[in-house]
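S.K.: take this sequence and fold it.
(2 chains)
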Number of protein chains: 2
Amino acid sequence: MDAAGVHTIALTVAYDGAPFCGFARQPGQLTVQGSIEQALHTLYRRDIETVCAGRTDAGVHARGQVVSFDLDDEEITQRSAHGLKRSLNALVDDRIAVSAVQEAQAGFSARFDAVEREYRYFIFTGDWRPVLLAGRVWHLAKPLDLDAMRAGAAHLIGEHDFKSFCMAASAVGKPTHRYVAEIDIEQTVLLGESDVVCVRVKGNAFLHSMVRTIVGTLVAVGRGQRQPEWVAEVLAAHDRRAAGENAPAEGLCFWRVAYAGPGGSIPEPAEFVEGWR
Amino acid sequence: MDAAGVHTIALTVAYDGAPFCGFARQPGQLTVQGSIEQALHTLYRRDIETVCAGRTDAGVHARGQVVSFDLDDEEITQRSAHGLKRSLNALVDDRIAVSAVQEAQAGFSARFDAVEREYRYFIFTGDWRPVLLAGRVWHLAKPLDLDAMRAGAAHLIGEHDFKSFCMAASAVGKPTHRYVAEIDIEQTVLLGESDVVCVRVKGNAFLHSMVRTIVGTLVAVGRGQRQPEWVAEVLAAHDRRAAGENAPAEGLCFWRVAYAGPGGSIPEPAEFVEGWR
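M.R.: Okay, the predicted model is just below:
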């Protein structure tokens, strides 16, 4: 237990993004944050503000979103981690699932303590509707030159000003430097279908629509509409209009967040409240 | 071209089973066969009867269903294999997709020429809703002892009277011997979730509800409600009431059918119509 009596809770959250107007709470709209905060209000009978690792857009999925919030000494004794998980899963919208509940170091922030974020983008390149993967992939129906895409992606690795890959409106007056650690492009198999390309992007943090713009830009290269070197020009332009189209939301999944704990885990408190775990 | 002027066409078909009252045509109901035959009627302006490799029940998915039918000399010249695929995909219900169209040996039957059929059944054992896999897995939320399930499954390998694993009504007066070649039970990863168990069942042919009853019976063993030897007793009882529950339709996918062509492919005609491929 922390001296100040503050207990920071971290949830790992998955959701099917389709029905939501994004993660961030918006009055009168169905949002992931809104649904989670409403459930917390039902459980603790007060407004509890949550912080997330990455604010996903409307339609974007998550399997490893992290959401943090604080409870006080009295609140944390009301239910165990397991009980809280069960109660939240019973109360949130059924397109959201809390896959893990844990106590983090007091003061932990799902957003500011994130060390690395990983997104995965799935593209189906077959010339027929991927009916069993509907809503989870971008159905592009064109073959992609993965080597050309990899050559294009190489220009984005490292620290750069990613202004060209950011939705213009949200970039105004804000820093647009980010560090991209890895872009991995592989053929993969999903539910038996092998005409699937997965683009894995890892970095410290991402601008608004950055992953979808990276994917849209690399797809222009993969289709042969652009040369790999064009990606360097897009980056240098510092202008969203230079980049490719935004890849559709449904192919994107916020995959995983790494923190400073062992193996990228969420740092634990020195001591747990009795009966919590 | 066949001497008699009959061209047998084989479609490979995938579908999300959820909206359909099964594969088999039923007046006034949405069925996979009904949708495909309606599309064929639109294209060729006559009733074309189709035969499938396996009649799946309501809610059961398919990725490798095979459907065969005959065209005459004039009809086959109307469009190429590629054109027929595109036209069918434009006309069928959008939860159905034709992933391949090919000409088979004249007289080929998707049903009677099948050498081996494979089904896969997916179970999610995590204690939270698998939101990204919704409708594709049985959410069981209990850990399963896979070794016990494998020991139980061993009793089913080979040729047996599977009457205990057949929907009672449809078994009356019909032969219930079948050959099960393989039951493979493995932990797998689907869209990043590792709490998934896949039961792969291969055999020459299957009775009504047989795979779902096998899975339901093996799950009773995997949960420790029954011993592996009980599966042998169920088999010997020749009575559906002896077996476990029917596993839900949504976890089942008709995966693949093998024929006598190279590598299990559909046997091709000696000669193709010009312009067909």
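
S.K.: where's the residue lying closest to A:Ala249 once chain neighbours are set aside, which helix or strand?
M.R.: Excluding its sequence neighbours, the residue lying closest to A:Ala249 (C-beta to C-beta, 6 or more residues apart in numbering or on different chains) is A:Gly59, at 3.1 Å. Heads up, the C-betas are built off the backbone N, CA and C, glycines and all. When elements are assigned from DSSP states H and E, A:Gly59 belongs to no helix and no strand.

S.K.: quick one, what contacts A:Gly59?
M.R.: A:Gly17, A:Ala18, A:Phe20, A:Pro248, A:Ala249, A:Glu250 (C-beta atoms under 8 Å, 6 or more residues apart in numbering or on different chains).

S.K.: report the buried residues of stretch A:269-277.
M.R.: Along stretch A:269-277, these residues count as buried under the neighbour rule (16 or more other C-beta atoms under 10 Å in any protein chain shown): A:Pro269, A:Val273, A:Trp276.

S.K.: what about that stretch and chain B, touching?
M.R.: No. For stretch A:269-277, no contact with chain B is found by C-beta under 8 Å from any C-beta of the partner chain; the gap never falls below 15.0 Å.

S.K.: who does the host helix or strand of A:Val101 touch, helix- and strand-wise?
M.R.: In this structure, A:Val101 sits in strand A:96-104 according to DSSP H and E. Secondary-structure packing of strand A:96-104 (3 or more C-beta pairs under 8 Å, 6 or more residues apart in numbering or on different chains; DSSP states H and E): strand A:6-15, helix A:32-44, helix A:81-91.

S.K.: let's see it at 10 Å
M.R.: Here strand A:96-104 touches strand A:6-15, helix A:32-44, strand A:61-72, helix A:81-91, going by 3 or more C-beta pairs under 10 Å, 6 or more residues apart in numbering or on different chains; DSSP states H and E.

S.K.: and the angle from the shortest one to strand A:96-104?
M.R.: Angular relation of strand A:6-15 and strand A:96-104 on a 0 to 180 degree scale: 150 degrees, by axes from the mean of the first three to the mean of the last three C-alpha atoms, to 10 degrees.

S.K.: check which element follows the lowest-mean-pLDDT helix or strand in chain A along the chain.
M.R.: The helix or strand of chain A with the poorest confidence is helix A:168-171; it has a mean of 66 (mean pLDDT, DSSP states H and E). Using DSSP H and E, the next helix or strand after helix A:168-171 towards the C-terminus is strand A:177-190.

S.K.: tell me the residues of the stretch 51-200 of chain A that contact chain B?
M.R.: A:61-64, A:82, A:85-86, A:88-89, A:92-101, A:120, A:122, A:126-136, A:190-193, A:195 (C-beta under 10 Å from any C-beta of the partner chain).

S.K.: make it 7 Å
M.R.: A:61, A:63, A:89, A:94-99, A:126, A:128-129, A:131-132, A:134, A:136, A:191-192 (C-beta under 7 Å from any C-beta of the partner chain).

S.K.: so where's chain A uncertain?
M.R.: A:1-4, A:168-171 (pLDDT under 70).

S.K.: try it again at 50.
M.R.: A:1-3 (pLDDT under 50).
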